[in-house]
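Engineer: Structure of the sequence below:
(one chain, ligands or ions: 1)
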Amino acid sequence: MAKRRAPTTVLITGASSGIGRALAIEYARRGARVMAVARREAELASLCEQITATGGSATHAACDVADPEAAAETVRRAERELGSLDMVIANAGIGGVAHASQMQVAAMARMIDVNVRGAMATLIAAIPIMLAQKAGQLVGVSSLAGRRALPTSAVYSASKAALSVFLEGLRIDLDPSGLAVTDVQPGFVDTPITEKNEFPMPFMWDAPKAARVIADRLQKAPRILAFPLPLDWLTALSRHLPYAVHASISRRMSSQR
Ligand SMILES: NC(=O)c1ccc[n+]([C@@H]2O[C@H](COP(=O)([O-])OP(=O)(O)OC[C@H]3O[C@@H](n4cnc5c(N)ncnc54)[C@H](OP(=O)(O)O)[C@@H]3O)[C@@H](O)[C@H]2O)c1
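Structural biologist: Next up, the predicted model:
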């Protein structure tokens, strides 16, 4: 895979905390003009202040990506304000665990609206812009949890699996046009999403390290960008395990609370 030109304009959703915030700081440090998107405007404003204070360039837009029209309009606004759109990172997402016996329809709908429809709307809106530019990188942040269902995470795993398949489909369609599509599949990263988890989270990274590795590896626009290596391998292996073995191991791991 050849190295690509570093992006000069980057839109990142879910930039008010965690991985998205660290990505905004990392891309600004690398010289890109960044548009940071999330719902909490005060957090976005302080992020932009921090970036500009260190010589970087960042602007922000408050948007609930669960509203697909609002997400699409924010993407178009980013292109107008930044002057181009070299990279769009659909990172906004919500977590949450619930045993099947406790699931709420409203919570399921919200997770699908943000993690699936929000990410899809963000990326779909960027496609005509990038096709007109004849260049661009579309990036979605799914999860290693999308490779196989896990206890108490049926909706989350399903939302990330849906996003991964969507990204693969985009890549099939857009490869011939020269647009790059990457599915980022993190393992555990220390952010507000994982703070609430009470189960073991092996090989956890901090968000700045995750952002550095993502930005480094995106230079080669891989189809899948998974980390850390031990969990990448274990989850790849788990896909080949018979259901009964996978269910038994994952139930045992989640009961170690
Ligand atoms: N941390 C992990 O271990 C891990 C592992 C695998 C995958 N991921 C994925 O990585 C992504 C980032 O998560 P994180 O760990 O960095 O968690 P986080 O710190 O909670 O960040 C989530 C971000 O998404 C934004 N967001 C949530 N709902 C939104 C909405 N409706 N519209 C716009 N923005 C919204 C939040 O901002 P506002 O609240 O301000 O809107 C926040 O900036 C998620 O997609 C997550 O599923 C995380």
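Engineer: What residues does residue 249 make contact with?
Structural biologist: Shown in contact with residue 249 (Cβ atoms under 8 Å, 6 or more residues apart in numbering): 238, 241. The C-beta positions use only the backbone N, C-alpha and C, and glycine is treated the same way.
Engineer: Which of the helices or strands spans it?
Structural biologist: Residue 249 belongs to helix 243-254 when assigned by DSSP states H and E.
Engineer: The residue lying closest to residue 97 once chain neighbours are set aside: neighbour count?
Structural biologist: The shortest distance from residue 97 to any non-neighbouring residue, by Cβ to Cβ, 6 or more residues apart in numbering, is to residue 152 (4.2 Å). Neighbour count of residue 152, defined by other Cβ atoms under 10 Å: 18.
Engineer: do residue 211 as well
Structural biologist: By other Cβ under 10 Å, the residues close to residue 211 number 24.
Engineer: so it sits right up against residue 23, yeah?
Structural biologist: Yes. Between residue 211 and residue 23 a contact is recorded at 4.6 Å, counting by Cβ atoms under 8 Å.
Engineer: longest helix in this structure, by residue count?
Structural biologist: Counting by DSSP state H, the longest helix found in the chain is helix 154-174.
Engineer: Enumerate the residues of the chain near the ligand.
Structural biologist: 13-20, 38-40, 43, 63-66, 91-95, 114, 118, 141, 143, 186, 188-189, 191-194 (Cβ under 6 Å from any ligand atom).
Engineer: could you redo the last one with a cut-off of 5 Å?
Structural biologist: Where proximity means Cβ under 5 Å from any ligand atom, the interface of the chain facing the ligand comprises 14, 16-20, 38-40, 64-66, 91-93, 114, 141, 143, 186, 188-189, 191-194.
Engineer: where exactly do the strands run in the stretch 1-150 of the chain?
Structural biologist: All strands of the stretch 1-150 of the chain, identified by DSSP state E, counting those that start in this stretch, fall at 9-13, 33-38, 57-62, 87-90, 137-141.
Engineer: Turn those strands into JSON lines, including mean neighbour count and mean pLDDT.
Structural biologist: Output for those, formatted as JSON lines (neighbours: other Cβ atoms under 10 Å; pLDDT from 0 to 100):
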{"stretch": "strand 9-13", "mean neighbour count": "29", "mean pLDDT": "98"}
{"stretch": "strand 33-38", "mean neighbour count": "28", "mean pLDDT": "98"}
{"stretch": "strand 57-62", "mean neighbour count": "19", "mean pLDDT": "98"}
{"stretch": "strand 87-90", "mean neighbour count": "30", "mean pLDDT": "98"}
{"stretch": "strand 137-141", "mean neighbour count": "25", "mean pLDDT": "98"}
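Engineer: Right, I'll leave it there.
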